[in-house]
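A.B. asks: Pasting a predicted model and its sequence here:
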Amino acid sequence: MRDVLRVPGMRLLVAGETTSTFGDWLLLLVLGIWVKTLTGSNSLAGAVALTFAAPSLASPLFGWIVDRFRRRPFLIAANLLSGAALLPLVAVRDRHDVWIIFVCGTLYGISMNVTSGAFSGLIKILVPDELIGAANGVFSGIRQSMRLIGPLIGAGLFAAVGGPTVVLIDIASFCVAAGALALIRVPQARVERSEPHWLHEVSAGVRHVWRTDALRRTIAAVAVGMLALGAVDTMIYAFIDEGLHRPPTFLGVLVTVQGVGAIFGALNAARAMRRLGEVAVVAFGMAAFGAAIAALVHPSLWLTFIALPVSGVANGVAFVAFSTLLQRRTPGPLMGRVSAATDMVIGGAQTLSMVVAVALIAIIDYRYMFAVIAAILLLVGGWLWTTRRASAPARAAAGDAVATGEVVPAGEGIAAGGEITAPAATAEPAR
């Protein structure tokens, strides 16, 4: 971590990221709690997470836009616009204003999509390649730390002073992030905009993923996992209400408990990757998450407080390993589009899962759905584990590095941040 912080500009970036992520985690879960409080509906509360994930379906377009601008100015503008987009939430007063929460949630989802790729590209410029695992661990650790305290504080503030105050704090955090970015000096030349057909440029990320074996296998596995796991964001309110018999604000406690494990996982992910490799760590994380979900089939409070830290460790190590794999196998100029292509596939699977869960939660017991989700995650994690050696990086010649996407050229740097946007429950906001 010390080596990462010695990189010029990183202390400012860490400070801005810490503040902005705290604001994110204050508000993200509060929006669902807000809807549950105003309407009493588990389905509508769960559907809030769907608004964050749905924009990922347009991710290739967002990635194309991101790659046409220099990273730092783009992120400054995106942060300021994102803060402005939240202002209508201050006007929410009763159940008739719930539509405002859904609109602003969708705009928040768009913000997370466009900023994740740009943030990855910025880190790729700032940080040397040999620090990739450590840098990913630092930023993931920051986000998981804020996830540890943010939801609990957000839920407490919501109960004490209401949603508008939480909204204003998050808006302020966007402004702090923009200010920190404005103070960083980034040695990046003006982006050269090529003129081939726009569809060719938009699809460049998809083509890179398809021809890079490790990315293709891992993204496919994670997408299948998210096709199951995405439903948890919708069903969690039923689990809290019908299983644990707690109020919706108890979600803040559960996310905080999960965050303890996630911090441990994020900070130890680099060590795990050195021993096992990125693909194997992703596989382990998926299987461990499946085991944790299986424990929740029985709605016991003490089992919940065991299972959630385990799921946090799984999420922490898997996210860092996935980010590292993505960034090490992707050339810098393609980072936005590859990140967007990943978001489209994984986010699309998550969105479909949420839509199905919103429809099924009223007629199927959440325990049966948890059992199915756990089985899928265990199976997919096991399959990916068996392919880990086949996905090992090839020894590419220097001249072939960009063409194959298998090795990032020396001096290209790394990228961190950009949560699988997933998104929603597993996704981590990045600005």
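C.D. replies: Happy to help now that I have it. Numbers count the residues shown, from 1 in each chain.
A.B. asks: can you count the residues close to Ala359?
C.D. replies: If you count neighbours by other CB atoms under 10 Å, Ala359 ends up with 12. (Each C-beta comes from the backbone N, C-alpha and C, glycine too.)
A.B. asks: typed the wrong thing, it's Val260
C.D. replies: 18.
A.B. asks: And Glu17, by the same measure?
C.D. replies: Residue neighbour count, defined by other CB under 10 Å, stands at 26 for Glu17.
A.B. asks: Repeat that for Gly285.
C.D. replies: Neighbour tally, Gly285, other CB under 10 Å: 30.
A.B. asks: That one against Ser311, yeah?
C.D. replies: No - with contact defined as CB atoms under 8 Å, Gly285 does not count as touching Ser311 (9.5 Å).
A.B. asks: buried ones in the host helix or strand of Ile306?
C.D. replies: Following DSSP states H and E, one finds Ile306 within helix 301-328. Neighbour-count burial for helix 301-328, with 16 or more other CB atoms under 10 Å as criterion, is recorded at 304, 307-328.
A.B. asks: tell me what the following helix or strand past it is packed against?
C.D. replies: Using DSSP H and E, the helix or strand that directly follows helix 301-328 along the chain is helix 335-360. Judged by 3 or more CB pairs under 8 Å, 6 or more residues apart in numbering; DSSP states H and E, helix 335-360 is in contact with helix 42-53, helix 59-66, helix 98-126, helix 204-211, helix 213-229, helix 231-238, helix 301-328.
A.B. asks: Specify the angle between the third one and helix 301-328 in degrees.
C.D. replies: In terms of direction (axes from the mean of the first three to the mean of the last three CA atoms, to 10 degrees), helix 98-126 departs from helix 301-328 by 50 degrees.
A.B. asks: what's helix 98-126 packed up against?
C.D. replies: Counting by 3+ CB pairs under 8 Å, 6+ apart, helix 98-126 packs on helix 10-39, helix 42-53, helix 59-66, helix 71-85, helix 301-328, helix 335-360.
A.B. asks: Export these to CSV and append columns for distance to Val186 and mean pLDDT.
C.D. replies: Putting the helices and strands packed on helix 98-126 into CSV (distance: least, CB to CB, whole Å; pLDDT from 0 to 100) gives the following:
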stretch, distance to Val186, mean pLDDT
helix 10-39, 10, 89
helix 42-53, 28, 81
helix 59-66, 15, 78
helix 71-85, 5, 92
helix 301-328, 17, 88
helix 335-360, 14, 77
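A.B. asks: okay if I get the helices and strands packed on helix 335-360 as CSV plus distance to Ala359?
C.D. replies: Formatted as CSV, the helices and strands packed on helix 335-360 follow (distance: least, CB to CB, whole Å):
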stretch, distance to Ala359
helix 42-53, 8
helix 59-66, 24
helix 98-126, 17
helix 204-211, 29
helix 213-229, 15
helix 231-238, 9
helix 301-328, 25
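A.B. asks: and of those, who's closest to Ile376?
C.D. replies: Nearest to Ile376 among the helices and strands packed on helix 335-360 is helix 213-229; the distance by CB to CB comes to 4.0 Å.
A.B. asks: before we move on, the earlier item: among the helices and strands packed on helix 98-126, which comes closest to Gly154?
C.D. replies: With respect to Gly154, and counting by CB to CB, the nearest of the helices and strands packed on helix 98-126 is helix 10-39 at 3.9 Å.
A.B. asks: Tell me the buried residues in the closest one?
C.D. replies: Within helix 10-39, the residues that count as buried by 16+ other CB under 10 Å are 10, 12-38.
A.B. asks: Below-threshold pLDDT in the protein: ranges please.
C.D. replies: Scanning the chain for pLDDT under 70 picks out 1, 132-133, 187-202, 332, 362, 390-431.
A.B. asks: For the closest residue to Ser82 other than its chain neighbours, which residues are in contact?
C.D. replies: In this structure, Ser82 finds its nearest non-sequential neighbour in Ser111, 4.1 Å apart by CB to CB, 6 or more residues apart in numbering. Residues near Ser111 by CB atoms under 8 Å, 6 or more residues apart in numbering: 78, 81-82, 85, 431.
A.B. asks: right, and the pair among the residues you listed with maximum separation?
C.D. replies: Spatial extent of these (CB to CB) is set by the pair Ala85 and Arg431 at 13.3 Å.
A.B. asks: Mind checking which of those two has more residues around it?
C.D. replies: The neighbour count for Ala85 versus Arg431, taken as other CB under 10 Å, is higher for Arg431 (28 against 18).
A.B. asks: Could you measure from Leu5 over to Leu131?
C.D. replies: In this view, Leu5 and Leu131 are 10 Å apart by CB to CB, to the nearest Å.
A.B. asks: neighbour-wise, which of those two wins?
C.D. replies: Higher neighbour count among Leu5 and Leu131: Leu131, with 23 against 13, using other CB under 10 Å.
A.B. asks: now that one: how far from Gly137?
C.D. replies: Relative to Gly137, Leu131 is positioned 10 Å away (CB to CB).
A.B. asks: can you check Trp302 too?
C.D. replies: Distance of Trp302 to Gly137, given as CB to CB: 30 Å.
A.B. asks: ditto for Arg328
C.D. replies: Distance, Arg328 to Gly137, by CB to CB: 14 Å.
A.B. asks: got it, and Val35?
C.D. replies: Val35 sits at a distance of 34 Å from Gly137 (criterion: CB to CB).
A.B. asks: same thing with Leu152?
C.D. replies: According to CB to CB, Leu152 stands 23 Å off from Gly137.
A.B. asks: Equivalent analysis for Met10, please.
C.D. replies: For Met10, the distance to Gly137 - CB to CB - is 13 Å.
A.B. asks: try Gly156
C.D. replies: Applying CB to CB to Gly156 and Gly137 gives a distance of 29 Å.
A.B. asks: The two - which one has more neighbours?
C.D. replies: Using other CB under 10 Å, the more surrounded residue of Gly156 and Gly137 is Gly137, with 27 against 14.
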